[in-house]
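Trainee: Predicted model and sequence below, questions to follow.
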Amino acid sequence: MPRSACCLPVSSDPALVASRLAAEGIETRRWYYPPLNLHPAFADAGVAGNLEATTSISERLLGLPFHLDMDSADIGRVAETLARILDHA
């Protein structure tokens, strides 16, 4: 079964959701955070246009685990744990 990256926008605080998932043994990543236009390495680079949407999206995205060794039980555990956490956020 093919798998793809799972980058999920969350309506509550992504850092809080990530810490609660970590407490359940589920590692996450803050992909695209900070966005390149706000990354210190590019502080001197010019910006073309308004990047408010970029900033907004980057603040809400949470990367969930995915890899070739995940089986249906792993995927179910991540999904069920995330749903429980979001229901109580």
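Mentor: Nice, thanks for sending it over. All figures in this text were calculated on a predicted structure; none of them were measured in a lab.
Trainee: Pull the distance from the helix or strand hosting Gly76 to the chain's centre.
Mentor: Under the assignment given by DSSP states H and E, the secondary-structure element containing Gly76 is helix 72-87. Helix 72-87 sits 14 Å away from the centroid of its parent chain (Cα atoms, centre = their mean, to the nearest Å).
Trainee: who touches the residue nearest the centre of the chain in this structure?
Mentor: If you average the C-alpha coordinates of the chain and look for the closest C-alpha using Cα atoms, centre = their mean, you land on Leu62, 1.0 Å from that point. Applying Cβ atoms under 8 Å, 6 or more residues apart in numbering, we find Leu62 in contact with 7-10, 14, 17-18, 28-31. All C-beta spots, glycine's among them, are computed from the backbone N, C-alpha and C.
Trainee: Could you look up the SS state of it?
Mentor: At Leu62, secondary structure determined by DSSP: H, G, I helix; E, B strand; the rest coil is strand.
Trainee: Ser58: neighbour count?
Mentor: 19 (other Cβ atoms under 10 Å).
Trainee: Would you confirm that it contacts Tyr32?
Mentor: Yes. In this structure, Ser58 is within contact of Tyr32 by Cβ atoms under 8 Å, at 4.7 Å.
Trainee: Report the distance from the helix or strand bottoming out on mean pLDDT in the chain to the chain centre.
Mentor: Taking mean pLDDT, DSSP states H and E as the measure, the chain has strand 7-9 as its least confident helix or strand, at a mean of 83. Centroid separation for strand 7-9 versus its chain: 5 Å, with Cα atoms, centre = their mean.
Trainee: Now do that strand: everything it contacts.
Mentor: 31-32, 57, 60-64, 82.
Trainee: Could you turn the buried ones of the residues you listed into a ChimeraX selection?
Mentor: Listed next is the ChimeraX selection for buried residues among these, using 16 or more other Cβ atoms under 10 Å:
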select :61,62,63,64,82
